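**Student:** just coords:
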Ligand SMILES: O=P(O)(O)OC[C@H]1O[C@](O)(CO)[C@@H](O)[C@@H]1O
(Lines give C-alpha, C1' and ligand atoms only; values in the text may rest on other atoms or scores of the structure.)
Protein backbone atom coordinates (compact mmCIF):
# COMPACT_ATOMS: atom_id res chain seq x y z
CA UNK A 1 0.00 0.00 0.00
CA UNK A 2 2.63 2.56 1.10
CA UNK A 3 5.00 1.47 -1.66
CA UNK A 4 2.28 2.01 -4.29
CA UNK A 5 1.66 5.48 -2.88
CA UNK A 6 5.39 6.21 -3.02
CA UNK A 7 5.57 5.05 -6.64
CA UNK A 8 2.55 7.17 -7.59
CA UNK A 9 4.12 10.17 -5.90
CA UNK A 10 7.31 9.59 -7.89
CA UNK A 11 5.38 9.43 -11.18
CA UNK A 12 3.88 12.84 -10.50
CA UNK A 13 7.12 14.30 -9.19
CA UNK A 14 9.15 13.46 -12.32
CA UNK A 15 12.93 13.55 -12.30
CA UNK A 16 14.20 16.30 -10.02
CA UNK A 17 17.63 17.90 -10.50
CA UNK A 18 19.71 17.82 -7.33
CA UNK A 19 21.77 20.90 -8.27
CA UNK A 20 18.63 22.96 -8.88
CA UNK A 21 16.98 21.77 -5.66
CA UNK A 22 20.07 22.76 -3.68
CA UNK A 23 19.76 26.38 -4.83
CA UNK A 24 16.90 26.78 -2.36
CA UNK A 25 18.37 28.17 0.91
CA UNK A 26 15.51 26.63 2.95
CA UNK A 27 16.36 23.15 1.70
CA UNK A 28 19.12 22.30 4.15
CA UNK A 29 17.06 22.92 7.26
CA UNK A 30 14.15 20.84 5.95
CA UNK A 31 16.30 17.94 4.79
CA UNK A 32 18.44 17.69 7.92
CA UNK A 33 17.57 15.23 10.70
CA UNK A 34 19.48 14.70 13.93
CA UNK A 35 19.26 11.90 16.47
CA UNK A 36 21.55 10.29 19.04
CA UNK A 37 24.45 12.61 18.07
CA UNK A 38 24.16 11.79 14.34
CA UNK A 39 22.99 14.16 11.62
CA UNK A 40 21.59 12.94 8.33
CA UNK A 41 21.58 15.39 5.41
CA UNK A 42 19.32 14.20 2.59
CA UNK A 43 19.20 17.51 0.75
CA UNK A 44 21.06 16.00 -2.20
CA UNK A 45 18.44 13.37 -2.86
CA UNK A 46 16.17 13.80 -5.88
CA UNK A 47 13.10 14.92 -3.99
CA UNK A 48 11.41 18.31 -3.80
CA UNK A 49 10.28 19.86 -0.52
CA UNK A 50 6.67 19.37 -1.57
CA UNK A 51 7.15 15.67 -2.30
CA UNK A 52 9.05 15.24 0.97
CA UNK A 53 6.11 16.67 2.89
CA UNK A 54 3.66 14.39 1.08
CA UNK A 55 5.82 11.29 1.41
CA UNK A 56 6.55 11.73 5.10
CA UNK A 57 2.83 12.40 5.64
CA UNK A 58 1.98 9.09 3.97
CA UNK A 59 4.71 7.37 6.00
CA UNK A 60 3.15 8.70 9.22
CA UNK A 61 -0.25 7.41 8.12
CA UNK A 62 1.27 3.97 7.45
CA UNK A 63 1.75 3.48 11.20
CA UNK A 64 5.46 2.74 11.01
CA UNK A 65 6.14 3.92 14.60
CA UNK A 66 3.46 1.61 15.88
CA UNK A 67 4.78 -1.37 13.88
CA UNK A 68 8.30 -0.69 15.16
CA UNK A 69 7.01 -0.58 18.73
CA UNK A 70 5.31 -3.95 18.19
CA UNK A 71 8.66 -5.40 17.08
CA UNK A 72 10.35 -3.96 20.17
CA UNK A 73 7.65 -5.48 22.35
CA UNK A 74 8.32 -8.93 20.95
CA UNK A 75 5.62 -9.58 18.33
CA UNK A 76 6.48 -12.70 16.35
CA UNK A 77 7.13 -10.82 13.13
CA UNK A 78 9.61 -13.37 11.76
CA UNK A 79 6.66 -15.69 11.17
CA UNK A 80 8.44 -17.98 8.68
CA UNK A 81 10.72 -19.09 11.49
CA UNK A 82 8.18 -18.58 14.27
CA UNK A 83 10.37 -16.03 16.06
CA UNK A 84 10.16 -12.63 17.65
CA UNK A 85 12.73 -10.05 16.51
CA UNK A 86 14.12 -8.61 19.70
CA UNK A 87 17.70 -7.51 19.14
CA UNK A 88 16.59 -4.09 20.41
CA UNK A 89 16.05 -5.67 23.84
CA UNK A 90 19.79 -6.40 24.03
CA UNK A 91 20.42 -2.68 24.47
CA UNK A 92 17.29 -1.83 26.45
CA UNK A 93 18.74 -2.93 29.76
CA UNK A 94 16.12 -1.31 31.98
CA UNK A 95 13.26 -2.99 30.14
CA UNK A 96 10.58 -4.69 32.22
CA UNK A 97 10.20 -7.42 29.56
CA UNK A 98 10.77 -10.75 31.40
CA UNK A 99 13.40 -11.67 28.78
CA UNK A 100 15.47 -8.63 29.81
CA UNK A 101 16.40 -10.44 33.01
CA UNK A 102 18.35 -13.03 30.98
CA UNK A 103 19.93 -10.26 28.92
CA UNK A 104 21.15 -8.47 32.06
CA UNK A 105 22.43 -11.76 33.50
CA UNK A 106 24.32 -12.54 30.29
CA UNK A 107 25.88 -9.07 30.21
CA UNK A 108 26.95 -9.45 33.85
CA UNK A 109 28.51 -12.83 33.03
CA UNK A 110 30.37 -11.29 30.09
CA UNK A 111 31.63 -8.51 32.38
CA UNK A 112 32.85 -11.04 34.94
CA UNK A 113 34.81 -13.03 32.37
CA UNK A 114 36.17 -9.85 30.81
CA UNK A 115 37.41 -8.61 34.17
CA UNK A 116 39.07 -11.95 34.89
CA UNK A 117 40.77 -12.03 31.48
CA UNK A 118 41.87 -8.39 31.48
CA UNK A 119 43.22 -8.54 35.04
CA UNK A 120 45.13 -11.74 34.36
CA UNK A 121 43.12 -13.62 36.96
CA UNK A 122 41.92 -16.05 34.26
CA UNK A 123 44.89 -18.26 33.54
CA UNK A 124 45.64 -20.65 30.73
CA UNK A 125 46.62 -24.27 31.42
CA UNK A 126 50.23 -23.33 32.18
CA UNK A 127 49.33 -20.53 34.59
CA UNK A 128 49.93 -17.65 32.19
CA UNK A 129 47.49 -14.78 31.64
CA UNK A 130 45.53 -14.48 28.40
CA UNK A 131 46.90 -11.98 25.89
CA UNK A 132 45.15 -12.95 22.63
CA UNK A 133 41.50 -13.68 21.99
CA UNK A 134 40.48 -15.40 18.73
CA UNK A 135 36.87 -15.12 17.63
CA UNK A 136 35.75 -18.01 15.45
CA UNK A 137 32.41 -17.31 13.77
CA UNK A 138 30.96 -16.27 10.43
CA UNK A 139 28.28 -13.93 9.08
CA UNK A 140 26.60 -12.12 11.94
CA UNK A 141 28.83 -13.98 14.40
CA UNK A 142 31.89 -12.34 12.85
CA UNK A 143 31.33 -9.35 10.62
CA UNK A 144 29.51 -6.97 12.98
CA UNK A 145 31.90 -7.42 15.92
CA UNK A 146 34.92 -7.42 13.60
CA UNK A 147 33.76 -4.12 12.09
CA UNK A 148 33.32 -2.59 15.56
CA UNK A 149 36.76 -3.80 16.68
CA UNK A 150 38.35 -2.00 13.73
CA UNK A 151 36.18 1.10 14.26
CA UNK A 152 37.02 1.50 17.96
CA UNK A 153 40.78 1.39 17.51
CA UNK A 154 41.27 4.09 20.13
CA UNK A 155 39.25 2.21 22.76
CA UNK A 156 41.22 -1.01 22.72
CA UNK A 157 42.55 -2.58 25.91
CA UNK A 158 46.32 -2.32 26.15
CA UNK A 159 46.96 -5.97 27.06
CA UNK A 160 44.46 -7.91 24.94
CA UNK A 161 44.52 -8.37 21.16
CA UNK A 162 41.50 -9.75 19.37
CA UNK A 163 41.78 -11.74 16.12
CA UNK A 164 39.00 -12.82 13.78
CA UNK A 165 38.64 -16.07 11.86
CA UNK A 166 35.68 -16.76 9.58
CA UNK A 167 36.52 -18.36 6.26
CA UNK A 168 36.35 -22.13 5.81
CA UNK A 169 39.47 -21.69 3.67
CA UNK A 170 42.16 -22.99 6.06
CA UNK A 171 44.43 -20.18 4.92
CA UNK A 172 42.46 -17.89 7.24
CA UNK A 173 42.88 -19.76 10.54
CA UNK A 174 46.33 -21.14 9.78
CA UNK A 175 47.73 -17.67 9.15
CA UNK A 176 46.17 -16.24 12.33
CA UNK A 177 47.14 -19.06 14.70
CA UNK A 178 50.70 -19.19 13.37
CA UNK A 179 51.39 -15.83 15.03
CA UNK A 180 49.93 -16.77 18.45
CA UNK A 181 51.10 -18.50 21.61
CA UNK A 182 48.54 -21.19 22.64
CA UNK A 183 49.48 -20.77 26.32
CA UNK A 184 48.15 -17.20 26.31
CA UNK A 185 45.32 -17.54 23.78
CA UNK A 186 41.59 -17.80 24.44
CA UNK A 187 39.34 -19.06 21.63
CA UNK A 188 35.75 -17.80 21.51
CA UNK A 189 33.51 -20.03 19.39
CA UNK A 190 30.73 -17.65 18.33
CA UNK A 191 27.86 -19.55 16.79
CA UNK A 192 24.23 -19.17 17.65
CA UNK A 193 23.44 -22.59 16.18
CA UNK A 194 26.77 -24.29 16.90
CA UNK A 195 26.21 -26.10 13.63
CA UNK A 196 27.59 -23.73 10.99
CA UNK A 197 30.17 -25.79 9.04
CA UNK A 198 32.70 -22.98 8.64
CA UNK A 199 32.72 -22.28 12.37
CA UNK A 200 32.78 -25.93 13.44
CA UNK A 201 35.66 -26.72 11.10
CA UNK A 202 37.65 -23.75 12.31
CA UNK A 203 36.83 -24.54 15.95
CA UNK A 204 38.07 -28.11 15.43
CA UNK A 205 41.24 -26.76 13.81
CA UNK A 206 41.78 -24.42 16.77
CA UNK A 207 41.26 -27.24 19.29
CA UNK A 208 43.76 -29.41 17.37
CA UNK A 209 46.23 -26.50 17.38
CA UNK A 210 45.88 -26.19 21.15
CA UNK A 211 46.34 -29.93 21.75
CA UNK A 212 49.19 -30.28 19.24
CA UNK A 213 50.95 -27.46 21.04
CA UNK A 214 50.78 -29.14 24.43
CA UNK A 215 47.66 -27.54 25.93
CA UNK A 216 46.58 -30.14 28.47
CA UNK A 217 43.42 -28.36 29.67
CA UNK A 218 41.56 -27.16 26.58
CA UNK A 219 38.60 -25.90 28.64
CA UNK A 220 40.83 -23.10 29.96
CA UNK A 221 41.35 -21.89 26.42
CA UNK A 222 37.91 -22.13 24.82
CA UNK A 223 34.61 -20.40 25.61
CA UNK A 224 31.48 -20.09 23.47
CA UNK A 225 28.59 -17.78 22.65
CA UNK A 226 25.77 -20.05 21.55
CA UNK A 227 22.16 -21.04 22.05
CA UNK A 228 23.11 -24.69 21.46
CA UNK A 229 24.52 -25.52 24.89
CA UNK A 230 24.46 -29.28 24.27
CA UNK A 231 26.69 -29.10 21.18
CA UNK A 232 29.03 -26.62 22.84
CA UNK A 233 29.48 -28.97 25.82
CA UNK A 234 30.07 -31.91 23.48
CA UNK A 235 32.78 -29.84 21.81
CA UNK A 236 34.58 -29.68 25.16
CA UNK A 237 33.55 -26.31 26.51
CA UNK A 238 32.81 -25.99 30.19
CA UNK A 239 29.08 -25.26 30.66
CA UNK A 240 29.88 -22.30 32.88
CA UNK A 241 31.80 -20.76 29.97
CA UNK A 242 28.94 -20.90 27.47
CA UNK A 243 27.31 -17.51 27.00
CA UNK A 244 23.66 -17.67 26.01
CA UNK A 245 21.89 -16.52 22.86
CA UNK A 246 18.19 -16.64 22.16
CA UNK A 247 16.11 -17.55 19.13
CA UNK A 248 14.67 -14.01 19.14
CA UNK A 249 18.03 -12.56 18.08
CA UNK A 250 18.85 -12.93 14.38
CA UNK A 251 22.48 -13.58 13.44
CA UNK A 252 23.05 -10.29 11.59
CA UNK A 253 21.57 -8.37 14.54
CA UNK A 254 23.45 -10.27 17.25
CA UNK A 255 26.56 -8.16 17.85
CA UNK A 256 24.87 -6.60 20.93
CA UNK A 257 24.62 -10.01 22.62
CA UNK A 258 27.28 -12.45 23.84
CA UNK A 259 28.47 -12.42 20.22
CA UNK A 260 30.07 -9.15 21.34
CA UNK A 261 32.09 -10.92 24.05
CA UNK A 262 35.43 -10.63 22.19
CA UNK A 263 34.74 -6.90 21.86
CA UNK A 264 34.17 -6.48 25.55
CA UNK A 265 37.40 -8.37 26.29
CA UNK A 266 39.34 -6.36 23.68
CA UNK A 267 38.08 -2.92 24.74
CA UNK A 268 38.66 -0.68 27.72
CA UNK A 269 36.01 -1.11 30.44
CA UNK A 270 32.68 0.55 29.64
CA UNK A 271 33.22 0.76 25.87
CA UNK A 272 30.86 -2.06 24.91
CA UNK A 273 28.18 -0.72 27.27
CA UNK A 274 28.53 2.75 25.71
CA UNK A 275 27.95 1.21 22.27
CA UNK A 276 24.73 -0.33 23.62
CA UNK A 277 23.76 3.10 25.00
CA UNK A 278 24.15 4.78 21.61
CA UNK A 279 22.01 2.10 19.98
CA UNK A 280 19.30 2.48 22.62
CA UNK A 281 19.17 6.25 22.03
CA UNK A 282 18.60 5.58 18.31
CA UNK A 283 15.88 2.99 19.04
CA UNK A 284 13.97 5.38 21.30
CA UNK A 285 14.15 8.02 18.57
CA UNK A 286 13.04 5.53 15.88
CA UNK A 287 10.01 4.55 17.93
CA UNK A 288 8.71 8.03 18.62
CA UNK A 289 9.86 10.53 15.97
CA UNK A 290 7.53 11.30 13.05
CA UNK A 291 8.85 10.47 9.59
CA UNK A 292 9.93 14.06 8.80
CA UNK A 293 12.30 13.95 11.80
CA UNK A 294 13.02 10.23 12.03
CA UNK A 295 16.59 9.47 10.98
CA UNK A 296 16.33 5.69 10.35
CA UNK A 297 12.93 6.12 8.69
CA UNK A 298 14.47 8.64 6.33
CA UNK A 299 17.32 6.30 5.48
CA UNK A 300 14.59 3.82 4.53
CA UNK A 301 12.39 6.32 2.68
CA UNK A 302 15.22 7.53 0.45
CA UNK A 303 16.30 3.93 -0.15
CA UNK A 304 12.78 3.09 -1.37
CA UNK A 305 12.65 6.34 -3.32
CA UNK A 306 15.83 5.43 -5.18
CA UNK A 307 15.24 1.67 -5.53
CA UNK A 308 11.48 1.47 -6.01
CA UNK A 309 10.66 4.79 -7.62
CA UNK A 310 13.77 5.51 -9.70
CA UNK A 311 15.28 2.05 -10.31
CA UNK A 312 18.53 3.10 -8.64
CA UNK A 313 19.16 -0.17 -6.88
CA UNK A 314 22.89 0.17 -6.29
CA UNK A 315 24.22 2.22 -3.39
CA UNK A 316 27.83 2.95 -2.48
CA UNK A 317 28.46 3.37 1.26
CA UNK A 318 31.48 5.63 1.59
CA UNK A 319 32.84 6.13 5.12
CA UNK A 320 35.42 8.92 5.09
CA UNK A 321 37.11 7.32 8.07
CA UNK A 322 39.71 4.59 7.85
CA UNK A 323 38.50 2.98 11.08
CA UNK A 324 35.04 2.51 9.55
CA UNK A 325 36.42 0.60 6.58
CA UNK A 326 34.43 -2.54 7.39
CA UNK A 327 31.13 -0.68 7.72
CA UNK A 328 30.14 -1.21 4.06
CA UNK A 329 30.70 -4.97 4.45
CA UNK A 330 28.59 -5.06 7.62
CA UNK A 331 25.78 -3.07 5.99
CA UNK A 332 26.00 -5.29 2.95
CA UNK A 333 25.23 -8.28 5.13
CA UNK A 334 22.66 -6.48 7.27
CA UNK A 335 20.68 -5.06 4.36
CA UNK A 336 21.16 -7.64 1.62
CA UNK A 337 20.62 -10.70 3.83
CA UNK A 338 17.48 -9.02 5.20
CA UNK A 339 15.90 -7.41 2.16
CA UNK A 340 16.86 -9.80 -0.64
CA UNK A 341 13.35 -11.27 -0.94
CA UNK A 342 10.87 -11.99 -3.75
CA UNK A 343 7.55 -12.59 -2.02
CA UNK A 344 5.46 -10.41 0.24
CA UNK A 345 4.07 -11.33 3.65
CA UNK A 346 1.21 -13.21 1.97
CA UNK A 347 3.67 -15.29 -0.05
CA UNK A 348 2.77 -13.52 -3.29
CA UNK A 349 5.56 -12.78 -5.77
CA UNK A 350 6.29 -9.05 -5.73
CA UNK A 351 6.73 -6.99 -8.90
CA UNK A 352 9.14 -4.47 -7.36
CA UNK A 353 12.79 -4.75 -6.40
CA UNK A 354 13.27 -5.30 -2.67
CA UNK A 355 16.81 -4.88 -1.37
CA UNK A 356 19.28 -2.77 -3.26
CA UNK A 357 22.90 -3.72 -3.84
CA UNK A 358 25.09 -2.31 -1.06
CA UNK A 359 28.82 -1.95 -1.52
CA UNK A 360 31.65 0.49 -0.95
CA UNK A 361 34.96 1.08 0.78
CA UNK A 362 36.53 3.81 2.83
CA UNK A 363 37.33 7.20 1.37
CA UNK A 364 39.56 8.52 0.05
CA UNK A 365 40.83 5.20 -1.37
CA UNK A 366 37.80 4.55 -3.59
CA UNK A 367 38.24 7.92 -5.30
CA UNK A 368 41.22 6.49 -7.17
CA UNK A 369 39.25 3.49 -8.28
CA UNK A 370 35.49 3.09 -8.78
CA UNK A 371 34.48 6.72 -8.22
CA UNK A 372 35.17 7.27 -11.93
CA UNK A 373 32.11 5.13 -12.66
CA UNK A 374 30.12 6.96 -10.00
CA UNK A 375 30.96 10.26 -11.70
CA UNK A 376 30.73 9.39 -15.37
CA UNK A 377 29.19 5.92 -15.70
CA UNK A 378 25.77 5.91 -17.28
CA UNK A 379 23.99 3.74 -14.73
CA UNK A 380 22.25 5.18 -11.71
CA UNK A 381 24.08 4.63 -8.43
CA UNK A 382 23.19 6.31 -5.15
CA UNK A 383 25.74 7.04 -2.43
CA UNK A 384 25.95 7.60 1.29
CA UNK A 385 28.90 9.46 2.77
CA UNK A 386 29.63 8.79 6.46
CA UNK A 387 31.72 11.53 7.99
CA UNK A 388 33.08 11.84 11.53
CA UNK A 389 34.02 15.53 11.76
CA UNK A 390 36.84 15.28 14.27
CA UNK A 391 39.49 12.67 14.79
CA UNK A 392 42.26 11.84 17.25
CA UNK A 393 44.61 11.58 14.26
CA UNK A 394 46.87 14.22 12.69
CA UNK A 395 44.59 17.29 12.16
CA UNK A 396 45.86 18.61 8.82
CA UNK A 397 45.51 15.24 7.16
CA UNK A 398 42.06 14.85 8.74
CA UNK A 399 41.05 18.22 7.26
CA UNK A 400 42.13 16.97 3.83
CA UNK A 401 40.03 13.85 4.34
CA UNK A 402 36.92 15.95 5.03
CA UNK A 403 37.74 18.18 2.07
CA UNK A 404 37.83 15.09 -0.14
CA UNK A 405 34.47 13.86 1.16
CA UNK A 406 32.83 17.22 0.48
CA UNK A 407 34.51 17.48 -2.90
CA UNK A 408 33.10 14.10 -3.94
CA UNK A 409 29.66 15.24 -2.84
CA UNK A 410 30.05 18.38 -4.96
CA UNK A 411 30.98 16.36 -8.03
CA UNK A 412 28.06 13.98 -7.40
CA UNK A 413 25.79 16.98 -7.14
CA UNK A 414 26.98 19.52 -9.70
CA UNK A 415 29.36 17.64 -11.99
CA UNK A 416 30.90 19.77 -14.74
CA UNK A 417 29.28 20.96 -17.97
CA UNK A 418 30.96 20.55 -21.37
CA UNK A 419 31.03 24.37 -21.64
CA UNK A 420 32.94 24.68 -18.35
CA UNK A 421 35.35 21.98 -19.46
CA UNK A 422 35.87 23.66 -22.84
CA UNK A 423 36.52 27.01 -21.23
CA UNK A 424 39.20 25.50 -18.99
CA UNK A 425 40.84 23.81 -21.96
CA UNK A 426 40.85 27.03 -23.99
CA UNK A 427 42.36 28.88 -21.05
CA UNK A 428 45.20 26.34 -21.17
CA UNK A 429 45.74 27.29 -24.83
CA UNK A 430 44.15 24.29 -26.53
CA UNK A 431 43.06 24.58 -30.12
CA UNK A 432 39.26 25.38 -30.15
CA UNK A 433 38.31 22.40 -32.39
CA UNK A 434 40.25 20.00 -30.20
CA UNK A 435 38.84 21.59 -27.03
CA UNK A 436 35.30 20.99 -28.32
CA UNK A 437 35.99 17.26 -28.75
CA UNK A 438 37.87 16.77 -25.47
CA UNK A 439 35.27 18.76 -23.52
CA UNK A 440 32.65 16.14 -24.35
CA UNK A 441 34.76 13.52 -22.58
CA UNK A 442 35.21 15.79 -19.57
CA UNK A 443 31.50 16.49 -19.14
CA UNK A 444 30.23 15.13 -15.81
CA UNK A 445 26.46 15.18 -15.48
CA UNK A 446 26.27 15.23 -11.66
CA UNK A 447 22.75 14.82 -10.28
CA UNK A 448 23.74 11.69 -8.35
CA UNK A 449 21.44 11.19 -5.37
CA UNK A 450 23.34 10.91 -2.12
CA UNK A 451 23.07 11.55 1.61
CA UNK A 452 25.68 12.58 4.15
CA UNK A 453 25.75 11.28 7.72
CA UNK A 454 27.91 13.38 10.04
CA UNK A 455 28.87 13.03 13.69
CA UNK A 456 31.11 15.19 15.83
CA UNK A 457 33.40 12.24 16.46
CA UNK A 458 33.41 8.49 16.03
CA UNK A 459 33.05 7.13 19.55
CA UNK A 460 31.22 4.19 21.17
CA UNK A 461 27.97 6.16 21.47
CA UNK A 462 27.89 7.40 17.88
CA UNK A 463 29.00 4.04 16.53
CA UNK A 464 26.20 2.25 18.41
CA UNK A 465 23.72 4.84 17.15
CA UNK A 466 24.97 4.49 13.58
CA UNK A 467 24.62 0.70 13.49
CA UNK A 468 21.20 0.82 15.16
CA UNK A 469 20.07 3.46 12.64
CA UNK A 470 20.76 1.00 9.81
CA UNK A 471 19.16 -1.90 11.68
CA UNK A 472 16.05 0.23 12.15
CA UNK A 473 16.21 1.26 8.51
CA UNK A 474 16.07 -2.43 7.58
CA UNK A 475 12.95 -2.87 9.71
CA UNK A 476 11.26 0.14 8.06
CA UNK A 477 12.20 -1.00 4.53
CA UNK A 478 10.76 -4.45 5.26
CA UNK A 479 7.62 -2.94 6.76
CA UNK A 480 6.99 -0.62 3.82
CA UNK A 481 7.90 -3.25 1.23
CA UNK A 482 5.66 -5.77 3.04
CA UNK A 483 8.33 -8.46 3.19
CA UNK A 484 9.83 -10.52 6.01
CA UNK A 485 13.26 -8.95 6.54
CA UNK A 486 14.27 -11.46 9.21
CA UNK A 487 14.66 -14.84 7.54
CA UNK A 488 17.32 -15.93 4.99
CA UNK A 489 16.16 -19.05 3.18
CA UNK A 490 18.48 -18.51 0.23
CA UNK A 491 21.47 -18.70 2.55
CA UNK A 492 20.05 -21.84 4.16
CA UNK A 493 19.68 -23.55 0.75
CA UNK A 494 23.33 -22.80 0.03
CA UNK A 495 24.27 -24.66 3.25
CA UNK A 496 22.28 -27.75 2.16
CA UNK A 497 23.92 -27.82 -1.28
CA UNK A 498 27.40 -27.35 0.24
CA UNK A 499 26.87 -30.46 2.30
CA UNK A 500 25.70 -32.49 -0.73
CA UNK A 501 28.61 -31.25 -2.84
CA UNK A 502 31.04 -32.23 -0.10
CA UNK A 503 29.75 -35.80 -0.37
CA UNK A 504 30.06 -35.72 -4.16
CA UNK A 505 33.64 -34.40 -3.98
CA UNK A 506 34.62 -37.02 -1.39
CA UNK A 507 32.98 -39.98 -3.11
CA UNK A 508 33.49 -38.95 -6.72
CA UNK A 509 29.93 -40.14 -7.38
CA UNK A 510 28.62 -37.57 -9.86
CA UNK A 511 25.44 -39.43 -10.88
CA UNK A 512 23.20 -36.74 -9.41
CA UNK A 513 24.97 -33.60 -10.64
CA UNK A 514 25.01 -32.13 -14.13
CA UNK A 515 27.90 -32.60 -16.57
CA UNK A 516 29.49 -29.23 -15.87
CA UNK A 517 29.82 -29.95 -12.13
CA UNK A 518 30.91 -33.54 -12.87
CA UNK A 519 33.79 -32.17 -14.95
CA UNK A 520 34.92 -29.90 -12.10
CA UNK A 521 34.64 -32.74 -9.56
CA UNK A 522 36.79 -34.92 -11.79
CA UNK A 523 39.30 -32.08 -12.31
CA UNK A 524 39.36 -31.52 -8.52
CA UNK A 525 40.18 -35.17 -7.97
CA UNK A 526 43.00 -35.08 -10.50
CA UNK A 527 44.36 -31.85 -8.99
CA UNK A 528 44.38 -33.18 -5.43
CA UNK A 529 45.56 -36.77 -5.95
O1 LIG B 1 25.93 -18.00 14.44
P2 LIG B 1 25.75 -19.13 13.50
O3 LIG B 1 24.60 -20.01 13.88
O4 LIG B 1 27.01 -19.92 13.33
O5 LIG B 1 25.36 -18.54 12.09
C6 LIG B 1 26.24 -17.74 11.36
C7 LIG B 1 25.51 -16.93 10.34
O8 LIG B 1 24.83 -17.77 9.42
C9 LIG B 1 23.60 -17.14 9.03
O10 LIG B 1 22.56 -17.89 9.51
C11 LIG B 1 23.47 -17.08 7.58
O12 LIG B 1 24.55 -16.43 7.02
C13 LIG B 1 23.65 -15.75 9.66
O14 LIG B 1 22.40 -15.21 9.85
C15 LIG B 1 24.43 -16.03 10.90
O16 LIG B 1 24.93 -14.88 11.46
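**Tutor:** Received, thanks. Worth saying up front: this structure is predicted, and the values here are computed from it rather than measured.
**Student:** who in the stretch 201-350 of the chain is up against the ligand?
**Tutor:** 251-252 (Cβ under 6 Å from any ligand atom). For glycine as for every other residue, the C-beta is placed from the backbone atoms N, C-alpha and C.
**Student:** same question, the stretch 1-150 of the chain
**Tutor:** 137-141.
**Student:** and those as a markdown table, adding secondary structure, pLDDT and neighbour count?
**Tutor:** As requested, these are exported to a markdown table (DSSP: H, G, I helix; E, B strand; the rest coil; pLDDT from 0 to 100; neighbours: other Cβ atoms under 10 Å):
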| residue | secondary structure | pLDDT | neighbour count |
| --- | --- | --- | --- |
| 137 | coil | 98 | 31 |
| 138 | coil | 98 | 19 |
| 139 | helix | 97 | 20 |
| 140 | helix | 97 | 25 |
| 141 | helix | 98 | 30 |
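**Student:** check the gap between the residue of the chain most remote from its centre and residue 421 for me.
**Tutor:** For the chain, the residue at maximal distance from the C-alpha centroid (Cα atoms, centre = their mean) is residue 431, at 50.5 Å. Between residue 431 and residue 421 the distance is 15 Å, computed by Cβ to Cβ, to the nearest Å.
**Student:** now swap in residue 317 and tell me
**Tutor:** 30 Å.
**Student:** between those two, which has more neighbouring residues?
**Tutor:** Taking other Cβ atoms under 10 Å, residue 317 and residue 421 do not tie; residue 317 has more neighbours (24 against 19).
**Student:** beta partners of that one?
**Tutor:** Beta bridges link residue 317 to residue 384 when assigned by DSSP bridges.
**Student:** in the stretch 351-500 of the chain, what residue comes closest to the ligand?
**Tutor:** Per Cβ to the nearest ligand atom, residue 491 is where the stretch 351-500 of the chain lies closest to the ligand, at 4.2 Å.
**Student:** checking my notes, residue 346 in a strand, right?
**Tutor:** No. Applying DSSP: H, G, I helix; E, B strand; the rest coil, one finds residue 346 to be coil, outside a strand.
**Student:** ok, back up a step: backbone phi and psi for the residue farthest from the centre of the chain, please?
**Tutor:** For residue 431, the backbone dihedrals (degrees, to the nearest 10) come out as phi -60, psi 130.
**Student:** for residue 438, see how far away it is.
**Tutor:** Residue 431 is 10 Å from residue 438, by Cβ to Cβ.
**Student:** please name the nearest non-neighbouring residue to whatever residue of the chain ends up closest to the ligand.
**Tutor:** The nearest approach of the chain to the ligand comes at residue 251, 2.2 Å away (Cβ to the nearest ligand atom). The shortest distance from residue 251 to any non-neighbouring residue, by Cβ to Cβ, 6 or more residues apart in numbering, is to residue 140 (3.2 Å).
**Student:** again, but for residue 53
**Tutor:** Nearest non-adjacent residue to residue 53, counting by Cβ to Cβ, 6+ apart: residue 292, 7.5 Å away.
**Student:** number of residues surrounding residue 325?
**Tutor:** Residue 325 has 17 neighbouring residues, counting by other Cβ under 10 Å.
**Student:** burial check on residue 130, number of neighbours?
**Tutor:** Neighbours of residue 130 under the rule other Cβ under 10 Å: 22.
**Student:** sorry, that was for residue 365
**Tutor:** There are 13 residues near residue 365, going by other Cβ under 10 Å.
**Student:** then residue 192?
**Tutor:** Around residue 192 there are 25 residues (other Cβ under 10 Å).
**Student:** try residue 207
**Tutor:** Residue 207 - counted by other Cβ under 10 Å - has 19 other residues nearby.
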